[in-house]
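S.K.: A structural model of the following input is requested.
(chains A and B)
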Amino acid sequence: GNSVTQMEGPVTLSEEAFLTINCTYTATGYPSLFWYVQYPGEGLQLLLKATKADDKGSNKGFEATYRKETTSFHLEKGSVQVSDSAVYFCALSNYGQNFVFGPGTRLSVLP
Amino acid sequence: DVKVTQSSRYLVKRTGEKVFLECVQDMDHENMFWYRQDPGLGLRLIYFSYDVKMKEKGDIPEGYSVSREKKERFSLILESASTNQTSMYLCASKIGNSYNEQFFGPGTRLTVL
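M.R.: Next comes the predicted model:
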């Protein structure tokens, strides 16, 4: 079956630090991969996505590359801001099957 | 832009009450979903629907039912609310049978006293 594993949080960083949140997946075929972000008290918003191997998704300074050989989709940002404090979810979508979400990683950025 | 709206952001109900949570999407998506989100447990799928009047159980359907009379609207029903149903409820929609993303509503935080 399909599954998503992501690093346990919480992750606490100082402003302008480099961020990496690891995500690995197990899936049949060729799923699409996503990162969602959830700000306090809100629903999930799509942050970025990649639909095939070697695709790089990017948005708001965040990037993630679809690595089929390592079944990974790690989220990175070169310089985090306090406003990036949120919960980040890695997820996959496979044709005809339900979405699978990782457990979420809480990020806190300190000024 | 796809918009998914939920009827309430915050709701307080009493044990035993019947509770309706409404979700509406405006992009003609076939698939709609209800999740609950609890600290340490992530998102758990309650029910989903891939067409009008169709419904499928997710991972934790006990104590819930759903209704989808129109394509744009998907309702979650708590027949007799209990305190262990206090949670954040998230609705989502998606183009059917695709690799596309899900679009989420803002969530309803339900408290059952």
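
S.K.: and chain B, which of its residues are near chain A?
M.R.: Within chain B, the positions near chain A by Cβ under 8 Å from any Cβ of the partner chain are B:4, B:33, B:42-43, B:45, B:48, B:58, B:90, B:92, B:94, B:97-107, B:109. For glycine as for every other residue, the C-beta is placed from the backbone atoms N, C-alpha and C.

S.K.: drop anything exposed from the residues you listed.
M.R.: Among these, the ones that count as buried by 16 or more other Cβ atoms under 10 Å in any protein chain shown are B:4, B:33, B:42-43, B:45, B:48, B:58, B:90, B:92, B:94, B:99-107, B:109.

S.K.: so of those, which ones are in strands?
M.R.: Judged by DSSP state E, these include B:4, B:33, B:42-43, B:45, B:48, B:90, B:92, B:94, B:103-104, B:109 as members of strands.

S.K.: find the pair from those residues with maximum spatial separation.
M.R.: Spatial extent of those (Cβ to Cβ) is set by the pair B:94 and B:109 at 23.0 Å.

S.K.: looking at the ones in strands among the buried ones among the residues of chain B next to chain A, which is nearest residue A:47?
M.R.: The nearest one, if we look at those relative to residue A:47 and count by Cβ to Cβ, is residue B:104, at 12.1 Å.

S.K.: touching, that closest one and residue A:45? I think so.
M.R.: Yes - the criterion here is Cβ atoms under 8 Å, and residue B:104 meets it with residue A:45 at 7.1 Å.

S.K.: and the lowest-mean-pLDDT helix or strand in chain A, how far out from the chain middle?
M.R.: In chain A, no helix or strand scores lower on mean pLDDT, DSSP states H and E than strand A:100-101, which sits at a mean of 91. Offset of strand A:100-101 from its chain centre (Cα atoms, centre = their mean, to the nearest Å): 11 Å.

S.K.: elements contacting that strand?
M.R.: strand A:3-6, strand A:86-93 (3 or more Cβ pairs under 8 Å, 6 or more residues apart in numbering or on different chains; DSSP states H and E).

S.K.: in TSV: the ones you listed, plus mean pLDDT.
M.R.: Below are the helices and strands packed on strand A:100-101 laid out as TSV (pLDDT from 0 to 100):
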stretch	mean pLDDT
strand A:3-6	93
strand A:86-93	94
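
S.K.: chain B is nearest to which of the ones you listed?
M.R.: strand A:86-93 (5.1 Å; Cβ to the nearest Cβ).

S.K.: give me the mean pLDDT for stretch A:76-83.
M.R.: Mean pLDDT, computed over stretch A:76-83, is 97.

S.K.: list the buried residues of that stretch.
M.R.: Under 16+ other Cβ under 10 Å, the buried positions of stretch A:76-83 are A:77, A:80.

S.K.: distance from that stretch to the middle of the chain?
M.R.: Relative to its chain's centre, stretch A:76-83 lies at 14 Å (Cα atoms, centre = their mean).

S.K.: who's in contact with that stretch?
M.R.: Stretch A:76-83 is contacted from outside by A:13, A:15-21, A:61-64, A:84, A:107, A:109-111, using Cβ atoms under 8 Å, 6 or more residues apart in numbering or on different chains.

S.K.: and with 6 Å instead?
M.R.: Here stretch A:76-83 makes contact (Cβ atoms under 6 Å, 6 or more residues apart in numbering or on different chains) with A:13, A:15-20, A:61-63, A:109, A:111.

S.K.: how about TSV for these, with pLDDT, neighbour count and secondary structure added?
M.R.: Output for the contacts of stretch A:76-83, formatted as TSV (pLDDT from 0 to 100; neighbours: other Cβ atoms under 10 Å in any protein chain shown; DSSP: H, G, I helix; E, B strand; the rest coil):
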residue	pLDDT	neighbour count	secondary structure
A:13	97	16	strand
A:15	97	13	coil
A:16	97	10	coil
A:17	98	14	coil
A:18	98	10	coil
A:19	97	18	strand
A:20	97	11	strand
A:61	97	13	coil
A:62	98	20	strand
A:63	98	17	strand
A:109	97	19	strand
A:111	95	6	coil
